[in-house]
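1. Model the structure of this input:
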Amino acid sequence: MGLRKLYCSESAESDSTAALVLDCQAVADEMSDIDDHLHALGLQVRMHFQNVSVGPEMGSMPHAAVLLGLAGLAAALYARFFRRSWSKDLAAGWRFFAIKPWRLLFPYAAMVTVGSLSMLALGFPKPAPASSFPLWEAFLFGVLVAPVLEEIVFRGVLYDYLNRYFAWLLAGLVSTGLFTALHGLQAGDLSVMASIYAGGFALYWLRRESDSVSLCVAAHALANVLMFASQLRWAATN
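-> Modelled structure (predicted):
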């Protein structure tokens, strides 16, 4: 466990805010192992990770294949045990989309609006830690895998179950609260959680209005694409 290998050389790049810029290659169990090792040597560092791959036990390509397999399995199990036809689900989503396609942007618009207002009230969130995924795999997970898995669970299984016993508003508040709690473990910031709750409830509304989980998957994926693009744009200018 810990740091297994670390090799550094002086980088050709420059940074006016850094005393020294290094290119390093490392093999470690956790990102923090590298940071802890350098601090133990008495070095004060400001680390920036690029081209990071998931642990050597699996590798990025097999990891992505497993994630895609889980998404496919979740879709099959939901159709099997909740007797839902994906062809009818897609048709319902298409009918809803064809009438007013801009409604696909509701979740993203809700996230941006509530997130902006909450940041004005609560302050800006802390920068997110470096991802442990390569860039392409983070995009794959955020745009394809996560929307499928999360929409099947929250706007599929939980929606179908809770709406049997509760009024739609209460069911929406509860299921969206659970959705936010899951993401809150990653975000850990009130303004971010408020933004996630708004987007989650907009997705719940889309499911209620369209009766289509696949439409929710598309809206979720679109919101993640736009968020992902804005983060990349911000990173490129900072």
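
2. Quick one: low-confidence residue ranges for this protein.
-> 1-2, 11-19, 28-31, 43-60, 63, 124-135, 185-188, 234-238 (pLDDT under 70).

3. center of it - which residue?
-> residue 142 (4.8 Å; Cα atoms, centre = their mean).

4. and the nearest residue to that one once chain neighbours are set aside, how many neighbours?
-> Nearest residue to residue 142, sequence neighbours excluded (Cβ to Cβ, 6 or more residues apart in numbering): residue 224, at 4.5 Å. (C-beta placed from N, C-alpha, C; glycine too.) Around residue 224 there are 20 other residues, counting by other Cβ atoms under 10 Å.

5. same check, this time on the one 5 residues further on
-> Per other Cβ under 10 Å, the neighbour tally for residue 229 reads 11.

6. So it versus residue 223, what's the distance?
-> 11 Å (Cβ to Cβ, to the nearest Å).

7. In this structure the residue nearest to residue 142 contacts residue 148, no?
-> No - using Cβ atoms under 8 Å as the test, residue 224 is too far from residue 148 to be in contact (11.5 Å).

8. still on that earlier bit, what about the residue nearest to the centre of the chain, distance to residue 222?
-> 11 Å.

9. again with residue 182
-> 20 Å.

10. what's the answer for residue 190, then?
-> From residue 190 to residue 222 the distance is 25 Å (Cβ to Cβ).

11. same deal with residue 212?
-> Distance, residue 212 to residue 222, using Cβ to Cβ: 14 Å.

12. So between the two, which is more surrounded?
-> Just comparing residue 212 and residue 222: by other Cβ under 10 Å the higher neighbour count belongs to residue 212, 24 against 16.

13. dump the residue contacts of that one.
-> Neighbour list for residue 212: 89, 90, 92, 93, 96, 206 [criterion: Cβ atoms under 8 Å, 6 or more residues apart in numbering].

14. May I ask which helix or strand encompasses residue 177?
-> helix 168-187 (DSSP states H and E).

15. Kindly apply the preceding question to residue 26 instead.
-> strand 22-28.

16. so where do the strands sit in the protein?
-> Assigned by DSSP state E, the strands in the chain fall at 3-10, 22-28.

17. longest helix anywhere in this structure?
-> helix 213-236 (DSSP state H).
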